[in-house]
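# no sequence on this one, just coordinates:
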């Protein structure tokens with residue numbers, strides 16, 4: 001099976017700092033893999049809010065996550081403050097990818113790279129729709 005590879009784009013659109021909580025720590029004493037997905041979800045929501053959107057209103061329609069991939073680089077521990085950089089790329093007619101780089105704020109050590117694919121969804125009509133112009137204007 002081929003290894004997952006994620007490249008962080010040249011342009012970062014949003015950055016946030018999120019501390020690792022005790023509930024993010026697994027039985028191995030470090031940041032759990034499931035918590036990485038929760039942290040990037042929080043970063044995506046914060047990024048959308050920064051630009052005036054929500055997950056249910058990104059230019060008149062919502063979004064649905066279609067896939068996720070994470071490449072783990074190093075451990076992170078309780079009390080670390082993670083800097084999460086957010087980029088958007090790989091646009092299609094109906095979606096795009098959010099790409100994330102997680103580093104420990106005070107050391108710069110890269111913890112993980114992650115990608116979540118999204119499509120735009122009209123919840124009232126229950127169907128996938130084209131990327132809204134308002135979203136494209138900011139993120140493309």
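Received it, and whenever you're ready, just let me know what you need. Just so you know, these numbers come straight off a predicted model, no measurement behind them.

# my guess is residue 11 contacts residue 87, does it?
Yes. At 6.1 Å, residue 11 and residue 87 qualify as touching, with contact defined as Cβ atoms under 8 Å. C-beta: built from backbone N, CA, C; applies to glycine.

# those two - which one has more neighbours?
Neighbour totals were compared for residue 11 and residue 87, and residue 87 leads with 20 against 9 (other Cβ atoms under 10 Å).

# quick one: residues contacting that one.
Residues touching residue 87, when contacts are defined by Cβ atoms under 8 Å, 6 or more residues apart in numbering, comprise 8-9, 11-13, 98-100.

# how does it look with 7 Å?
Taking Cβ atoms under 7 Å, 6 or more residues apart in numbering, we find residue 87 in contact with 8-9, 11-13, 99.

# that one and residue 56: what is the separation?
For residue 87, the distance to residue 56 (Cβ to Cβ, to the nearest Å) stands at 22 Å.

# likewise residue 101?
As for residue 101, its distance to residue 56 is 26 Å (criterion: Cβ to Cβ).

# where do the helices of the protein begin and end?
Using DSSP state H, the helices of the chain run over 33-50, 133-139.

# from the contact counts, what lies against the longest one?
Meaning helix 33-50. Taking 3 or more Cβ pairs under 7 Å, 6 or more residues apart in numbering; DSSP states H and E as contact, the helices and strands that helix 33-50 lies on are strand 14-19, strand 62-72, strand 81-89, strand 95-104, strand 110-122.

# circling back to that earlier point, closest one to residue 67 among the helices of the chain?
helix 33-50 (11.5 Å; Cβ to Cβ).

# so for the protein, the centremost residue is which one?
Relative to the mean C-alpha position of the chain, the nearest C-alpha, by Cα atoms, centre = their mean, is the one of residue 40, at 4.1 Å.

# returning to that earlier point: out of the contacts of residue 87, which are buried?
Using 16 or more other Cβ atoms under 10 Å as the burial test, those include 8, 13, 99 as buried.

# out of these, which is nearest to residue 74?
Nearest to residue 74 among the buried ones among the contacts of residue 87: residue 8, at 15.3 Å, using Cβ to Cβ.

# many thanks, have a good one.
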